[in-house]
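Trainee: Next comes the sequence, and after it the predicted model I'd like to discuss.
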Amino acid sequence: MRVLPFALAALVGAVGGTILPWQTPAHAVDHGQVGEAWPVVEPDLLDVIRAKLESAKASGKLDELNARFAAKVKARVMRPAPVAGITAAVEDRSWEFDPTVVIENDIRDHKGNLIAAAGQRINPLDKITMTQRLLFIDGDDPAQVSWAMGQGDDLKTKVIMVKGSPFDLMKANQRRFYFDQAGSLTAKFGIEHTPASVEQKGRILIVTEDALGQGKGA
């Protein structure tokens, strides 16, 4: 019988799950202790953090860090990060937005009574009416701010900024301004340019981007 090379024979034995005649069963061997063993000692993480904080407090760095953090928070509140990708409108554009939603799962009240069934289509405009137009503007553009101010007061419109400082405009115009945080509303309505407006027309919403005269009549 031809003898397979040792490496190939060992592989065949391992895969086949048997011990071939030329394989020697492995046995555990105690070689004794090599070198001296030392216990692993790690400082408690909370103790390390506490020590660093105490050191920073003693040196005055903690107060400095707190002041810098507060300044950054205040700056972000006073002037939120602009909504990315929104530019000034260069042509008029208008489209319909259907706010109807499809219920994914049954909705029940605390007593188990069915409020809305899965698959049911619900249009919130069947139950509520938008009493204010939504106006989206770049608060750093004086022309867009002027346009928004000419559309009506707080009872008729809600001005939502995609850029600029709401607090500066509130102080200058003595009325409320809002900000589209993270661009959630502009993304929902598909708005890409400002100024823009959203208003109700029956069971749908009309979204309009206004070029403010740019390119009109060309």
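Mentor: Yes, it's here.
Trainee: Can you get me a residue count around K61?
Mentor: Other residues near K61 number 13, with proximity taken as other CB atoms under 10 Å. Just so you know, the C-beta spots here come from the backbone N, C-alpha and C atoms, and that holds for glycine as well.
Trainee: Correct me if wrong: E104 contacts A118.
Mentor: Yes: using CB atoms under 8 Å, E104 is in contact with A118, at 6.3 Å.
Trainee: quick one, helices of this protein?
Mentor: For the chain, the helices defined by DSSP state H occupy 6-16, 45-59, 61-78, 142-149, 166-173, 184-189.
Trainee: Tell me which residues touch the residue nearest to the spatial centre of the chain, please.
Mentor: Nearest to the mean C-alpha position of the chain, counting by CA atoms, centre = their mean, stands A182 at 6.7 Å. A182 makes contact with V83 under the criterion CB atoms under 8 Å, 6 or more residues apart in numbering.
Trainee: any idea how far M170 is from it?
Mentor: Distance of A182 to M170, computed by CB to CB, to the nearest Å: 21 Å.
Trainee: Mark out where each domain of the chain begins and ends.
Mentor: 45-78, 87-209 (automatic domain parsing).
Trainee: which one of those domains has the lowest average pLDDT?
Mentor: Per-stretch mean pLDDT for these is lowest at domain 45-78 (a mean of 75).
Trainee: ends of it, how far apart?
Mentor: 37 Å (CA to CA, to the nearest Å).
Trainee: likewise stretch 128-139?
Mentor: The straight-line separation of the ends of stretch 128-139 (CA to CA) is 29 Å.
Trainee: what do you get for stretch 182-202?
Mentor: 29 Å.
Trainee: and what of stretch 157-170?
Mentor: End-to-end for stretch 157-170, by CA to CA: 14 Å.
Trainee: Enumerate the positions of stretch 124-140 that are buried.
Mentor: L125, Q132, R133, L134, L135, F136, I137, D138, G139, D140 (16 or more other CB atoms under 10 Å).
Trainee: Relative to R203, which of those is nearest.
Mentor: Using CB to CB, L125 comes nearest to R203 of those, at 5.1 Å.
Trainee: Could you check how far the closest one is from D153?
Mentor: Counting by CB to CB, the gap from L125 to D153 is 23 Å.
Trainee: swap in Q144?
Mentor: Using CB to CB, Q144 is found at 17 Å from D153.
Trainee: Tell me which of these two has more neighbours.
Mentor: For Q144 versus D153, neighbours defined as other CB under 10 Å are more numerous around Q144 (26 against 9).
Trainee: Can you list phi and psi of the closest residue to Q181 other than its chain neighbours for me?
Mentor: Leaving aside its chain neighbours, Q181 sits nearest to P80 (6.5 Å; criterion: CB to CB, 6 or more residues apart in numbering). When read as degrees, to the nearest 10, the backbone of P80 gives phi -60, psi 160.
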